[in-house]
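Colleague: Provided below are the primary sequence and the corresponding predicted coordinates.
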Amino acid sequence: MRAPLIFSSVAALVVAGAIIAGFSVLGTPGEVRLRRLDQQRVENLRAISNAIRTYRNVNKALPENPAKLQQSGQWSYLSLKDPVSGEP
């Protein structure tokens, strides 16, 4: 009778320990989401920077604004808005 109780108690402790260890290593789901959004912002800014650099090299001038890059068609894939707020 005591063996199943001890086994289930130990199993519950192991599972709880694994969950706590996972949160301490990876962070909470909210922290993971924030890191992912920050990474998306960095990738967007890198793509905008590369597009501006290419535009400058081809046209020997800077674009009037980033939206002009999208209008040219070559860089229509650029994301000029924040992934959360939607603001430019």
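Modeller: That came in fine, so what should we check first?
Colleague: those helices in this protein, which residues are they?
Modeller: Counting by DSSP state H, the chain has helices at residues 2-26, 29-59, 66-71.
Colleague: what angle separates the longest one from helix 2-26?
Modeller: Here helix 29-59 runs at 30 degrees with respect to helix 2-26, directions being taken by axes from the mean of the first three to the mean of the last three Cα atoms, to 10 degrees.
Colleague: show me what helix 29-59 is packed up against.
Modeller: helix 66-71 (3 or more Cβ pairs under 8 Å, 6 or more residues apart in numbering; DSSP states H and E). Where you see a C-beta, it was placed from the backbone N, CA and C, and this is true even at glycine.
Colleague: may I see the buried residues of the helix it packs on?
Modeller: Buried residues in helix 66-71, counting neighbours by 16 or more other Cβ atoms under 10 Å, are found at 69-70.
Colleague: pLDDT on that helix, on average?
Modeller: Averaging pLDDT along helix 66-71 gives 82.
Colleague: now render the helices of the chain as JSON lines, adding distance to G86.
Modeller: Formatted as JSON lines, the helices of the chain follow (distance: least, Cβ to Cβ, whole Å):
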{"stretch": "helix 2-26", "distance to G86": "28"}
{"stretch": "helix 29-59", "distance to G86": "13"}
{"stretch": "helix 66-71", "distance to G86": "15"}
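Colleague: winner for burial among these?
Modeller: helix 66-71 (a mean of 15; mean count of other Cβ atoms under 10 Å).
Colleague: and that one, C-alpha only, in PDB?
Modeller: Taking Å, rounded to 0.1, in the frame of the first residue of the first chain, the C-alpha atoms of helix 66-71 are listed here in PDB:
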ATOM      1  CA  PRO A  66      11.100  54.000 -45.800                       C
ATOM      2  CA  ALA A  67       7.700  53.800 -47.300                       C
ATOM      3  CA  LYS A  68       9.200  54.700 -50.600                       C
ATOM      4  CA  LEU A  69      11.200  51.500 -50.500                       C
ATOM      5  CA  GLN A  70       8.000  49.500 -50.300                       C
ATOM      6  CA  GLN A  71       6.400  51.400 -53.100                       C
END
